[in-house]
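> Next one to model:
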Amino acid sequence: MNKTLLIIHIFLFSNFIFAQEELPVDGVGGAGVPFLLISPNARASAMGEAGVGLADDASAIFWNPAGLGFQTGEGGSMTHSPWLPQFGFSDLFYDYLNYKYNLEDVGTLGASVTFLNLGEFIRTGEDSPEEIGRWKAYEGAFTIGGGFKVTENFSLGLNLRYIRSALAPFGTAEEQGSGTANAISFDVGTMFKENVEDIGTISTGLSLSNVGPKIAYIDEAQADPLPTTLRFGFGYEFKADEYNSLTYTVDFSRLLTRRNYIEYDDKLTTNDEGDTIPNPDYGRYTDGDEVLPSQDVERAIFSSWSDGSKLRRITTGMGLEYWYGAPKLLALRLGWFYEDPKYGNRNILTFGAGLRYDEFGFDFSYINKLTEEFSPLDGTLRFTVMMELGNVSSQIFDEEELDEEPSTDF
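Next comes the predicted model:
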């Protein structure tokens, strides 16, 4: 990809991919390094980008590390996705690699690597289109964590993450700093899972991810918050018979970021006709032409709920998964993801399928927009290959099942 201005990348990536958030009154808020929000596995992507309440494979380290606490054995997966297919950029792609390993009587540990290749850029002079250099931009993260059972049905999870965003090796104009930044964050999660006789396996999950200090490219005054996200989800797996099972999952998530704002004594005022109207200056995120900085994470986690959006900034994802085979052999998946039109406007259907053979598996997913508006994610494909060794358990088994020979089902 050859582009002369870094601003093109920032505009496309931040505003189109993850949507521009409209905050009252005229503030535009958002978060840095939004690549951390990309669904990392084709299975969850095909099920409405939902996974916090299910989290029953190695990708739990992304969705909810507490889900690792119910897993045994070892295994991992690798996902590849051509990125922004609508723009036709052949050198943009997303890769994700994860691994888990169970320590008996301790818990299951996990690690993951996320990499987003943003392609090659051309640098030109300030007053001339002449090429003076080239560079390649990328963003990535390395995460380690684990899930640990507290009781037979309840687990806790914790992750620690290092983040690097290398948009450019130099600054712009008279700005200090450069287009490269580093940050750290952590995730916490909980999960409850129980096998109910004649009903199936029911699970609920709660996670708070990407909690950490703001990331700064130029200086601290212009730092952006990390995409701190609260997720709550529910999963249900029903086994109709030996060969057929159905899984349903639903997630609710909210980005917990907010900019500082100017407070006024009066929320209401009067217009020229003497009518009482909301004060247009109340809660402004700008002071003249200057955009006020974002709030620190410890404040934004709470204050973001009072930004006037009420529940409209909560996104919903849900999906169905049908499995055939004993052990599981073929899966068909369908999902839906919805975001309020004023707070992102992503409204998409997701589709996918999966194959399992012995210890190996393959999944793919496809995104299709439901609205007439342009969506750069429309047509996005994700491919995941995976392997599981000795995993007897992303479910709760009764004593009779535990007496049977362990299965490599996953």
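> per-residue pLDDT, Glu263?
Glu263 carries a pLDDT value of 55.
> And the one 3 residues further on, by the same measure?
The model reports Asp266 with a pLDDT of 53.
> The one 4 residues further on too?
Confidence at Thr270, expressed as pLDDT, is 70.
> Ala173 now?
57.
> just for this structure, where's the confidence low?
1-30, 89, 125, 171-177, 261-269, 276-292, 372, 374, 391-410 (pLDDT under 70).
> Just confirm Gly235 is within a helix.
No. Judged by DSSP: H, G, I helix; E, B strand; the rest coil, Gly235 forms no part of a helix; its state is strand.
> quick one, what contacts it?
Neighbouring residues of Gly235 by Cβ atoms under 8 Å, 6 or more residues apart in numbering: 53-56, 201-205, 247-249. From N, CA and C alone the C-beta is placed, and that goes for glycine too.
> And those residues, which is closest to Ile301?
Ile301 lies nearest to Gly205 out of the contacts of Gly235, by Cβ to Cβ, at 18.6 Å.
> Three-state assignment for that closest one, please.
Relying on three-state DSSP, one would call Gly205 strand.
> Surely it is in contact with Asp56?
No. Taking contacts as Cβ atoms under 8 Å, Gly205 lies outside contact range of Asp56: 10.1 Å.
> Throw the contacts of Gly235 into TSV and include secondary structure, distance to Arg43 and neighbour count, thanks.
Formatted as TSV, the contacts of Gly235 follow (DSSP: H, G, I helix; E, B strand; the rest coil; distance: Cβ to Cβ, whole Å; neighbours: other Cβ atoms under 10 Å):
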residue	secondary structure	distance to Arg43	neighbour count
Gly53	coil	14	29
Leu54	coil	9	33
Ala55	coil	11	34
Asp56	coil	10	28
Thr201	strand	16	22
Ile202	strand	19	18
Ser203	strand	15	27
Thr204	strand	19	16
Gly205	strand	15	29
Thr247	strand	10	21
Tyr248	strand	14	18
Thr249	strand	10	27
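> Backbone dihedrals for Met47, both of them.
phi -110, psi 50 (degrees, to the nearest 10).
> And the strands in the stretch 151-300 of the chain?
With DSSP state E, counting those that start in this stretch, the ranges of strands along the stretch 151-300 of the chain come out as 154-166, 180-196, 200-211, 229-239, 244-255, 268-270, 276-278, 286-287, 290-291.
> So which of these has the densest surroundings on average?
strand 200-211 (a mean of 22; mean count of other Cβ atoms under 10 Å).
> Quick check: neighbours of that strand in the sheet, parallel or antiparallel?
Sheet neighbours of strand 200-211, with direction, are listed as strand 180-196 (antiparallel), strand 229-239 (antiparallel) (DSSP bridges).
> Can you get me the centre-to-centre distance for the first one and its chain?
It stands for strand 180-196. 11 Å (Cα atoms, centre = their mean, to the nearest Å).
> Run the angle between it and strand 154-166 for me.
160 degrees (axes from the mean of the first three to the mean of the last three Cα atoms, to 10 degrees).
> any chance of the strands paired with strand 200-211 in JSON lines, with distance to Leu156 too?
As requested, the strands paired with strand 200-211 are exported to JSON lines (distance: least, Cβ to Cβ, whole Å):
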{"stretch": "strand 180-196", "distance to Leu156": "6"}
{"stretch": "strand 229-239", "distance to Leu156": "15"}
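> distance of Phe337 from Thr114?
20 Å (Cβ to Cβ, to the nearest Å).
> same check, this time on Asp378
For Asp378 relative to Thr114 (Cβ to Cβ), the value is 23 Å.
> burial measure for the residue nearest to Gly325 when sequence neighbours are not counted, as a count.
Spatial nearest neighbour of Gly325, excluding adjacent residues (Cβ to Cβ, 6 or more residues apart in numbering): Tyr243 at 6.2 Å. The tally of other residues near Tyr243 (other Cβ atoms under 10 Å) stands at 13.
> Quick check: Tyr243 vs Asn182, distance?
Counting by Cβ to Cβ - Tyr243 and Asn182 are separated by 50 Å.
> Next: Met78.
In terms of Cβ to Cβ, Met78 sits 25 Å off from Asn182.
> Also Ser306?
In terms of Cβ to Cβ, Ser306 sits 31 Å off from Asn182.
> now Ser45
28 Å.
> same check, this time on Trp83
Relative to Asn182, and taking Cβ to Cβ, Trp83 is found at 22 Å.
> repeat for Gly76
For Gly76, the distance to Asn182 - Cβ to Cβ - is 26 Å.
> ok, now Glu194?
Computed as Cβ to Cβ, the Glu194 to Asn182 distance reads 41 Å.
> which residues touch the closest residue to Leu37 other than its chain neighbours?
Leaving aside its chain neighbours, Leu37 sits nearest to Pro227 (5.3 Å; criterion: Cβ to Cβ, 6+ apart). Contacts for Pro227 (Cβ under 8 Å, 6+ apart) come out as 31-34, 36-37, 210, 255, 257.
> swap the cut-off to 10 Å and go again
Pro227 sits next to 18, 30-37, 185, 209-210, 255-257 when contact means Cβ atoms under 10 Å, 6 or more residues apart in numbering.
> Looking at these, which is nearest Tyr343?
When the contacts of Pro227 are ranked by distance to Tyr343 (Cβ to Cβ), Leu255 comes first, at 9.0 Å.
> isn't Gly69 right up against Ala60?
Yes. Applying Cβ atoms under 10 Å, one finds Gly69 in contact with Ala60, separated by 8.8 Å.
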